[in-house]
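Peer 1: next one to model:
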Amino acid sequence: MSGDSVDLGVDVTTSGGVATVTMRYPARRNALSLELREVLHDAVFDLMIDPEVRVLVLTGAEGVFSAGGDISGMDNLTTMAGRARLQRLHRLVRLLIEGEKPVIAAVEGYAVGAGMSLAAACDVVVAAEDVVWNCAFNKLGLMPDMAAIWTLPARMGLGRAKRLMLTSEQFDTDSAADWGLVEEVTEPGAALATAQGIAKTIAKRAPAAVALTKTWLSRGPMGLNEALAAEADAQAVLFQTEDFTEGRTAFMEKRVPEFKGR
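Peer 2: Numbering: from 1, shown residues only. As a prediction, the model looks like this:
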């Protein structure tokens, strides 16, 4: 999947139930141009419905996750065109956040603006210690998008999210980990391998249980009664799956379960 005039596209490799999705737009440090957003959405959608894939790893080519939105493509935007642009982008955001399969971000180099938002929309973030982070939208006269006003407060708390959004201060991966934006810190160049290792672990778990856990968590904070009702409904379904039977049998037989996603 690639553009005709520039080196731009998305590369997908799969192994052991894990699909690695690599954004490629090296001329602009994998900036999220309109075309890259479209091919990324289509790739993620196809993988979400592929029965052979259980976990996705999202990364960027040539040692850079994403330098944000492609500013060169933002000229002469009317209010209606800007709204339509965001609504198309939101299809990708919803897939990452609400899709049934976990998505792990493997971040190297830069994750700024929309690149930071993209990482925050993933379920787990693995980042190299030298990554440059910045929620720099208001430097362009814009507010954070790609669901950052939902994901960042959920990850790091309202006060910290406000500070980052309002100041556009640059920060490092150690700070990002302390604040809850990053789950795993690696040496430079090791983020992808670490993310794939986590993905392989998740891929061994019962897919339906993973899917229901992720989708319920994506609905945000719930009251106790709502949470208990959701738990009862989901668990009652899981009790009827072949994977639960296999998991219970394997536990009793002291062996590793082989889940089939049924």
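
Peer 1: distance from the chain centre to the helix or strand containing Asp233, please.
Peer 2: Secondary structure from DSSP states H and E places Asp233 in helix 224-238. Chain-centre distance of helix 224-238: 25 Å, with C-alpha atoms, centre = their mean, to the nearest Å.

Peer 1: counting by contacts, list what that helix packs against.
Peer 2: Counting contacts by 3 or more C-beta pairs under 8 Å, 6 or more residues apart in numbering; DSSP states H and E, helix 224-238 is packed against helix 207-217. Heads up, the C-betas are built off the backbone N, CA and C, glycines and all.

Peer 1: may I have the residues that are in contact with the residue lying closest to Gly68 once chain neighbours are set aside?
Peer 2: Spatial nearest neighbour of Gly68, excluding adjacent residues (C-beta to C-beta, 6 or more residues apart in numbering): Gly113 at 2.8 Å. Going by C-beta atoms under 8 Å, 6 or more residues apart in numbering, Gly113 touches 67-69, 134-137.

Peer 1: from Glu187, how far out is Gly113?
Peer 2: Gly113 is 25 Å from Glu187, where distance means C-beta to C-beta, to the nearest Å.

Peer 1: okay, helices next: where are they in the protein?
Peer 2: Per DSSP state H, the chain carries helices over the ranges 34-48, 79-98, 114-120, 148-156, 158-167, 173-179, 191-203, 207-217, 224-238, 242-252.

Peer 1: out of the ones you listed, nearest to Glu108?
Peer 2: The closest of those to Glu108 is helix 191-203. By C-beta to C-beta, the value is 5.2 Å.

Peer 1: just want the angle from the closest one to helix 207-217.
Peer 2: Helix 191-203 runs at 110 degrees relative to helix 207-217, counting by axes from the mean of the first three to the mean of the last three C-alpha atoms, to 10 degrees.

Peer 1: flag every buried residue along helix 191-203.
Peer 2: Using 16 or more other C-beta atoms under 10 Å as the test for burial, helix 191-203 gives 191-192, 194-196, 198-200, 202-203.

Peer 1: same for that helix, what does it pack against?
Peer 2: Secondary elements touching helix 191-203 (3+ C-beta pairs under 8 Å, 6+ apart): strand 18-24, strand 55-60, strand 103-107, strand 124-128, strand 184-186.

Peer 1: partners of the second one in the sheet?
Peer 2: Spelled out, that is strand 55-60. strand 18-24 (parallel), strand 103-107 (parallel) (DSSP bridges).

Peer 1: between those, which gets nearest to Ala84?
Peer 2: Among the strands paired with strand 55-60, strand 18-24 sits nearest to Ala84 (C-beta to C-beta), with 22.4 Å.

Peer 1: the closest one: how far from the chain's middle?
Peer 2: On C-alpha atoms, centre = their mean, the centre of strand 18-24 falls 11 Å from the chain's centre.

Peer 1: then stretch 209-220?
Peer 2: Counting by C-alpha atoms, centre = their mean, stretch 209-220 comes out at 14 Å from the chain centroid.

Peer 1: what do you get for stretch 160-173?
Peer 2: With C-alpha atoms, centre = their mean, you get 20 Å for stretch 160-173.

Peer 1: tell me the mean pLDDT over that stretch?
Peer 2: If you average the pLDDT over stretch 160-173, you get 95.

Peer 1: kindly report the same for stretch 206-223.
Peer 2: 90.

Peer 1: which of the residues in that stretch are buried?
Peer 2: 206-214, 216.

Peer 1: before we move on, back to that, alpha carbons only: can I get the helix holding Asp233 in CSV?
Peer 2: What follows is helix 224-238, C-alpha atoms only, in CSV (Å, rounded to 0.1, in the frame of the first residue of the first chain):
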residue,chain,number,x,y,z
LEU,A,224,-20.0,0.3,40.3
ASN,A,225,-23.4,-0.9,39.2
GLU,A,226,-22.6,-0.4,35.5
ALA,A,227,-19.3,-2.2,35.9
LEU,A,228,-20.8,-5.2,37.8
ALA,A,229,-23.5,-5.5,35.2
ALA,A,230,-21.0,-5.4,32.4
GLU,A,231,-18.9,-8.0,34.2
ALA,A,232,-21.9,-10.4,34.6
ASP,A,233,-23.0,-10.1,31.0
ALA,A,234,-19.5,-10.6,29.5
GLN,A,235,-18.4,-13.3,31.9
ALA,A,236,-21.7,-15.3,31.2
VAL,A,237,-20.8,-15.3,27.5
LEU,A,238,-17.2,-16.3,28.1
